[in-house]
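Colleague: Everything below, folded, please.
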Amino acid sequence: MSASVAVYRDIYTEDRFKQAYGSGDSAKGRLRLREKLAGRFRCSKRACLHLFRERVPILSWLPRYRVKKWLLGDTIAGLTVGILHIPQGMAFALLTSVAPIFGLYTSFFPVVLYMFFGTGRHVSTGTFAVVSLMTGSVVEQLVPTPLELNSSSSEAADFEAQRIGVASAIALLSGIIMLCMCGLQLGFLSTYLSEPIVKAFTSAAALHVTISQLQSMLGLRLPRHTGTFSLFKTLASVMENLPHTNMAELLISLVCLAILVPFKEINMRYRQHLRTPIPVEILTVIVAAGVAYASSLDSSYNIEIVGHIPAGFPIPRMPAFHTFPDIAGDTVAITFVGYAVSVSLAMIYADKHGYSIHPNQELLAHGISNTVSSFFTCFPSSATLATTNILESAGGYTQLSGLFTSLVVLIVLLLIGPLFYFLPKVCLHFYISINMGGKKRGGEFTYLPLLISSGSLGMVWVVTWLSVVVLNVDIGLAIGVVFSMMTVICRTQRSISPSLSQRCCFVLFVSQCYEVPGVKIVTYNGPIYYGNRGFFREEMSRLLGLTPEKIRSWEKARKALEKREREAAINTVVRLLRSLNETKNIQISNEIQFNFNINFIFSLFSGKRHSKHIIFLRK
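Modeller: As a prediction, the model looks like this:
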């Protein structure tokens, strides 16, 4: 036995609801502008302390630091990453077209600053190959290498000062842009950096960096190509100058290949069993510097060496402010590339270890890092792929690992730096290539078939990768983001699903399903807005079997039927009154005027009551 329940309630409009229950915004509406502003800018001591802790995250996580559980892991991971920062910083400084010592500076100051302001517990900041490559292109354009340059003259020192001045200006302007973005709360832009975009970008950028190092590994002194199609221009230039290869530098590259590749494969394959990776990079650098010193390779075989590395702390120096108009456009691209990589890495490891990051705080952290470090002759920095991966795999827990990383780099700056005087530059160039080659085979291409099977995500990967490779790093990233947004728009425009009654066997897992005659049940997976209303209307018309022509014909038929009904109603009432007047001698009062309008006749025969229309009959 089933019981039925009937619920009767009034239907409220917005106005009736506000009249019955009032409006929550009525009190706010009566506030004056001055009171609103005063309430918005009023800050208590507790709120000020909370805001300060949000902007300086170390004040929140350091008091809760678990010394017994986390300190050993942070120490080992920090020292390991610090050792890797030494060859990486010097190598990426050459990629930036500045002296190697400035790469060590860039591996020190941003690490310390990010420890105070960053929210990524497993993020390692410092020199990044793609950002260094883009920065070096701008430096090469503004301060080109002269044809005749004596490395021991004062002209060489002035030349290096000009180049690092431009690179520091790019870092300063990049930091200012990030701070402005943080003030405008533009951290939400990171939501447009999908995983296919990041993977395709890093894979294609690794190819750019690797190709750019071919000429240095072969000992060719060729100008750097920039702009669109730079990858193909570099390949063509290397092929044309192959007969001029320096065989000594090529031999050093092959020896480094035979040493680095097997050990890096061991580190990757047995990373679960090794507490820390084998520091083969720094060992190779030390051995190469010793061999070059013992055999005088620079004078005997015309091999480029690192040269003088001053010991001590860097002296603050003003960046080249006068270059701001010339570097503004390129700096915007460098800023977005650095932020894209940094926040993507932070999100990946935050999801893996179950904590959250704040994109706006990441903007503040990297903005402060670039701004402050630019006054200590540093070039733009960001999160780095290789050292972040090693930091996490070595057992790092918190940002405190950056303290031990910076201590290692500081020891090199104060004491060990001059010992790298005879280090061949080709070792650093090969380190860049093998490092980026490891990223290129790190899973992006094995990830591609899964993306292609998903449709639009695979297309985003392919378009981003081809754009970065064929055009350039910054243009390719912009094209990838725009194309990804276009795919999202297309999916929201066509989000309607078929009738649910046709799919209930698969979705609801029932044995029988049927469609109720005259009823269509559909679902629309997205908002309905001006961009998809036309597609929504077309899809609904298709499902219901309706067309605009049918609807118009039905409207015409309905209006014609209503007109005939009104005319028939008028004729019926008139005949009724005449028959009453003739048969029963009923006279209609002369004082009452009969105003039989169409609305009254229609309402009379449709059962509706209109108190304004009354007929008085009298015998």
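Colleague: And the helix or strand encompassing E155, what does it pack against?
Modeller: Secondary structure assignment for E155, by DSSP states H and E: helix 154-183. Applying 3 or more CB pairs under 8 Å, 6 or more residues apart in numbering; DSSP states H and E, one finds that helix 154-183 makes contact with helix 129-142, helix 324-353, helix 359-373. C-beta coordinates here come from the backbone N, C-alpha and C atoms, glycine included.
Colleague: quick check, distance from the first one to the centre of its chain.
Modeller: Put simply, helix 129-142 sits 22 Å off its chain's centre (CA atoms, centre = their mean, to the nearest Å).
Colleague: for that helix, which positions count as buried?
Modeller: Applying a neighbour-count criterion of 16 or more other CB atoms under 10 Å, one finds 129-140, 142 buried in helix 129-142.
Colleague: so that helix versus helix 154-183, what angle?
Modeller: Helix 129-142 and helix 154-183 are oriented at 130 degrees to each other (axes from the mean of the first three to the mean of the last three CA atoms, to 10 degrees).
Colleague: again, but for the last one
Modeller: Between helix 359-373 and helix 154-183, the angle formed by their directions is 150 degrees, by the same axes, to 10 degrees.
Colleague: Helix 359-373 to helix 324-353, inter-axis angle?
Modeller: 130 degrees.
Colleague: Kindly spell out which helices and strands sit in contact with helix 359-373.
Modeller: Using 3+ CB pairs under 8 Å, 6+ apart: helix 359-373 touches helix 45-55, helix 109-117, helix 154-183, helix 324-353.
Colleague: how about those, which one is nearest K425?
Modeller: Of all the helices and strands packed on helix 359-373, helix 154-183 sits nearest to K425, with 14.5 Å by CB to CB.
Colleague: can you pull the buried residues of the closest one?
Modeller: Neighbour-count burial for helix 154-183, with 16+ other CB under 10 Å as criterion, is recorded at 159-160, 163-179, 181-182.
Colleague: got it, and stretch 398-412?
Modeller: So for stretch 398-412, counting by 16+ other CB under 10 Å, buried means 398-409, 412.
Colleague: can you tell me which of the helices and strands packed on helix 359-373 comes nearest to N360?
Modeller: helix 154-183 (5.4 Å).
Colleague: Looking at that closest one now, give me its mean pLDDT.
Modeller: Averaged across helix 154-183, the pLDDT comes to 91.
Colleague: and that helix with helix 45-55, angle?
Modeller: Helix 154-183 and helix 45-55 meet at an angle of 130 degrees, taking the same axes, to 10 degrees as the criterion.
Colleague: How far off centre is helix 154-183?
Modeller: Using CA atoms, centre = their mean, the offset of helix 154-183 from its chain centre is 24 Å.
Colleague: Not counting the host helix or strand of A292 itself, show me its contacts.
Modeller: Assigned by DSSP H and E, A292 belongs to helix 280-295. With contact meaning CB atoms under 8 Å, 6 or more residues apart in numbering, helix 280-295 is reached by 83-84, 86-88, 252, 256, 259-260, 263-264, 267, 297-298, 303, 305, 419-424, 427-428, 431.
Colleague: In that helix, which residues are buried?
Modeller: Quick answer for helix 280-295 (16+ other CB under 10 Å): 280-282, 284-286, 288-289, 292.
Colleague: So the closest residue to I101 other than its chain neighbours, which state does it fall into?
Modeller: Counting by CB to CB, 6 or more residues apart in numbering, I101 lies nearest to I309, which is 4.9 Å off, once chain neighbours are set aside. Following DSSP: H, G, I helix; E, B strand; the rest coil, we place I309 in the coil state.
Colleague: For I309, report the pLDDT, please.
Modeller: pLDDT recorded at I309 is 85.
Colleague: surely it meets G417?
Modeller: Yes - with contacts counted by CB atoms under 8 Å, I309 reaches G417, the gap being 4.1 Å.
Colleague: anything in contact with each of those two?
Modeller: With CB under 8 Å, 6+ apart, I309 and G417 have common neighbours 101, 104.
Colleague: Compare those two (neighbour count), which wins?
Modeller: G417 (22 against 19; other CB atoms under 10 Å).
Colleague: The more buried one touches A311, doesn't it?
Modeller: Yes - using CB under 8 Å, G417 is in contact with A311, at 5.2 Å.
Colleague: before we move on, the earlier item: which ones among the buried residues of stretch 398-412 are found in strands?
Modeller: Judged by DSSP state E, these include no members of strands.
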